[in-house]
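> what follows is a predicted protein model with its sequence.
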Amino acid sequence: MQTRIYFDNAATTPLDAEVLDAMMPYLTTHFGNPSSIYSYGRETRMAVENARKTVAKILGANPGEIFFTSGGTESSNMAICAAISDLGCERIITSPLEHHATLHTVENSHQHKNIALDFVKVLPNGHIDLNDLERLLASSNKKTVVTLMHANNEIGNITDINKVGELCKKYNAIFHSDTVQTVGHFPFNLHAMPVDFINGAAHKFHGPKGIGIIYISQKNKIKPFIQGGSQERNMRAGTENIYGIVGFAKALELATKNYEADKAYICNLKSYMMQQLWDNVKDVSFNGDVKGCSLYTVLSANFPKTDKSEMILFNLDINNICASGGSACTSGANQSSHVISAINLNSDCITVRFSFSKHNTKEEVDIVVNKLKEII
C-alpha cells in the first residue's frame with residue numbers, strides 16, 4: 001500500500017510519541033479524580049497544576065490566568081460570551097476572515113442578545129485594515145470587544161496583535177485573539193502583550209485532540225461559562241481531562257524547545273513548494289501575504305478551474321495525498337470558503353490549502369507537485 005502524504009497539519013497534527021508517553025500513565029495507573037482527596041486524586045491534581053505551571057511559564061502568564069478547556073472553539077465562545085455578559089460589552093468588532101468558532105458566536109450574540117456587530121475591512125493581501133479598525137473603535141461610545149485571530153487558518157496571514165491590542169487599550173475595548181494556529185508555533189509573552197483573552201488547542205502542535213486552553217488576563221473577573229462544579233478554580237465545571245492536560249503541556253514544551261529548528265525547516269519546505277508550483281504548474285497563484293507576514297506552516301494555492309481541477313481534492317485523495325480546500329472545518333461543505341471568497345474575487349480558480357509539519361519532506365513535495373501536474 002502506498003504511503004499517505006499528509007499536508008493538512010493546520011487541521012490537526014499527528015501525536016508526538018513523547019507526548020503519548022507522558023499521557024499513558026494517566027490513562028492507566030493514575031486514573032483518580034483530581035477532586036478526590038485521597039492519594040489517587042492528589043496524584044492527578046498535582047499533574048494538572050504542574051501542567052498549568054508549565055503552560056503559564058512558556059506563554060509568559062501567571063498559572064492563575066490559564067484554564068483548561070475542551071479546545072479552541074470552547075475557549076473562543078467563552079471569551080466572547082464573557083466579554084458581553086460579565087465585562088459589559090455591548091458591541092463586537094471582528095473580521096469576515098475569522099474561524100467559524102468566532103463568527104458563529106458573534107452572529108449568535110448579535111441576533112439573540114441584540115449586541116451591535118461591525119466587521120473591519122480587509123486589505124487585498126488579506127491583512128486587517130488597522131486604520132479602519134481605529135475608525136470603528138472611535139465611532140461609538142459603546143463598550144466594545146474586538147475579536148481578531150492572530151494567524152488565519154486558511155491563508156496564514158499574521159495580524160500584529162500588539163498593534164491591535166494598543167488600539168483596544170486606547171479606546172477602552174476588550175481584546176480577544178484566536179491564537180489556535182500560533183500557540184505552539186510562535187513565541188508568546190502574554191504579560192507584555194495587550195490582550196485580554198487568547199486560546200490554544202493541543203492538536204495543532206502534535207498534542208492530543210479534545211484539550212485546549214483559555215488565557216484570561218487577571219484584570220478581568222468573569223463568571224463560569226459551564227455550570228455544574230467547582231473545577232478549574234470555579235471557572236469550568238466538569239471532571240478534568242487529565243491525560244489531555246498532561247499532553248497539552250508536554251506538546252507545548254516540546255514545540256517550544258524545538259521552535260527555532262522546526263520553524264527554519266518548515267519555512268524552507270514551504271518556500272520550496274511555492275517555487276516548485278511556480279515552476280511546474282501554469283497560472284498557479286497564492287492567497288494572502290505569502291512572502292510577507294505569514295505563518296510558516298500554511299500555503300494557500302489557486303489553480304486554474306478546469307474539468308480536471310474541479311475534482312482536485314478527490315484526485316489527490318485517491319492518490320493518498322491529504323490536503324484541504326480551505327479549512328478542514330469547511331472542506332466537507334458544499335459552499336466555498338468564506339475566507340477565500342472575502343479576499344479573492346476570481347471565481348475561475350480552485351483553492352487548495354497545504355499545511356506542513358516537521359514530519360514532511362521535500363521528497364513528499366516533489367511527489368505532490370508531480371501529481372498536481374498530472375491532475376491539472
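Alright, I've got the coordinates. Being a predicted model, the structure only gives us computed values, none of them experimental. Numbers count the residues shown, from 1 in each chain.
> need the CA coordinates for the lowest-mean-pLDDT helix or strand in the chain. PDB is fine.
The least trusted helix or strand in the chain, going by mean pLDDT, DSSP states H and E, turns out to be helix 338-343, with a mean of 86. Listed in PDB are the C-alpha atoms of helix 338-343, where the atom choice follows Å, rounded to 0.1, in the frame of the first residue of the first chain:
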ATOM      1  CA  HIS A 338     -15.800  32.400   3.400                       C
ATOM      2  CA  VAL A 339     -12.100  33.400   3.800                       C
ATOM      3  CA  ILE A 340     -11.200  32.800   0.100                       C
ATOM      4  CA  SER A 341     -14.400  34.500  -1.000                       C
ATOM      5  CA  ALA A 342     -13.600  37.600   1.000                       C
ATOM      6  CA  ILE A 343     -10.200  38.100  -0.500                       C
END
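> residues in contact with that helix: which ones?
Helix 338-343 has contacts (Cβ atoms under 8 Å, 6 or more residues apart in numbering) with 96-97, 103, 122, 124-126, 152, 154-155, 287-288, 300, 326-327, 330, 351. For the C-beta atoms, the positions are set from N, CA and C on the backbone; glycine is no exception.
> and for stretch 276-292?
Outside stretch 276-292, the residues touching it (Cβ under 8 Å, 6+ apart) are 125-127, 152, 154-157, 274, 294, 299-304, 340, 343-344, 349, 351, 365-366, 369-370, 372-373, 376.
> how far is that stretch from where the chain is centred?
23 Å (Cα atoms, centre = their mean, to the nearest Å).
> quick one: terminal-to-terminal distance for that stretch?
19 Å (Cα to Cα, to the nearest Å).
> so which bits of that stretch are buried?
276, 277, 281, 284, 285, 286, 287, 288, 289, 290 (16 or more other Cβ atoms under 10 Å).
> what of stretch 156-172?
156, 157, 158, 159, 161, 164, 165, 167, 168, 171.
> next: stretch 210-228.
210, 211, 212, 213, 214, 215, 216, 217, 222, 224, 225.
> could you dump those residues into JSON lines and include distance to residue 318?
Shown next, in JSON lines, are the buried residues of stretch 210-228 (distance: Cβ to Cβ, whole Å):
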{"residue": "210", "distance to residue 318": "30"}
{"residue": "211", "distance to residue 318": "33"}
{"residue": "212", "distance to residue 318": "33"}
{"residue": "213", "distance to residue 318": "38"}
{"residue": "214", "distance to residue 318": "40"}
{"residue": "215", "distance to residue 318": "42"}
{"residue": "216", "distance to residue 318": "46"}
{"residue": "217", "distance to residue 318": "48"}
{"residue": "222", "distance to residue 318": "48"}
{"residue": "224", "distance to residue 318": "47"}
{"residue": "225", "distance to residue 318": "42"}
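> and those, which two are furthest apart?
Distance extremes for these: the farthest pair is 210 and 217 at 25.2 Å, using Cβ to Cβ.
> which parts of stretch 40-55 are buried?
Buried-residue list, stretch 40-55, by 16+ other Cβ under 10 Å: 43, 44, 45, 47, 48, 51, 52, 54, 55.
> I misspoke; the intended subject was stretch 358-366.
Buried-residue list, stretch 358-366, by 16+ other Cβ under 10 Å: 358, 360, 364, 365.
> what about these, which are in strands?
With strands taken from DSSP state E, there is no overlap with the buried residues of stretch 358-366.
> narrow the residues you listed to those in helices?
If you go by DSSP state H, the buried residues of stretch 358-366 have 364, 365 in helices.
> so what's residue 309 scoring on pLDDT?
Confidence at residue 309, expressed as pLDDT, is 76.
> ah, wrong one, I meant residue 328
So, for residue 328, pLDDT stands at 48.
> can you tell me the helix or strand for residue 215?
Counting by DSSP states H and E, the element that carries residue 215 is strand 212-216.
> wait, what's in contact with the spatially most central residue of the chain?
Of all residues in the chain, the one closest to the mean position by Cα atoms, centre = their mean is residue 180, 2.3 Å from it. Listed by Cβ under 8 Å, 6+ apart, the contact partners of residue 180 are 72, 99, 149, 153, 199, 200, 201, 204, 212.
> again, but for residue 182
So residue 182 contacts 150, 151, 158, 188, 295 (Cβ under 8 Å, 6+ apart).
> skipping its backbone neighbours, what lies nearest the last one in space?
Ranked by Cβ to Cβ, 6 or more residues apart in numbering and with sequence neighbours excluded, the top spatial neighbour of residue 295 is residue 156, at 3.9 Å.
> my guess is that neighbour contacts residue 301. True?
No - using Cβ atoms under 8 Å, residue 156 is not in contact with residue 301, being 11.4 Å away.
> any idea how the chain splits into domains?
What the record gives for the chain is the domain set 5-14+259-375, 17-257, from automatic domain parsing.
> just the buried ones from the contacts of stretch 276-292?
The buried subset of the contacts of stretch 276-292 - by 16+ other Cβ under 10 Å - is 126-127, 152, 154-157, 274, 294, 299-304, 340, 343-344, 349, 351, 365, 369, 372, 376.
> out of the residues you listed, which are inside strands?
Going by DSSP E, the strands hold 299, 300, 301, 302, 303, 304, 349, 351 from the buried ones among the contacts of stretch 276-292.
> so how far is residue 350 from the fifth one?
With distances taken as Cβ to Cβ, to the nearest Å, residue 303 is found 5 Å from residue 350.
> quick check: neighbours shared by those two?
With Cβ under 8 Å, 6+ apart, residue 303 and residue 350 have common neighbours 309, 312.
> sorry, back to before: quick check: mean pLDDT of the strand holding residue 215?
98.
> one step back: distance check, the nearest residue to the residue nearest to the centre of the chain once chain neighbours are set aside against residue 21.
If the residues on either side of it in the chain are set aside, residue 180 comes closest to residue 72, at 3.9 Å by Cβ to Cβ, 6+ apart. Taking Cβ to Cβ as the measure, residue 72 and residue 21 are separated by 25 Å.
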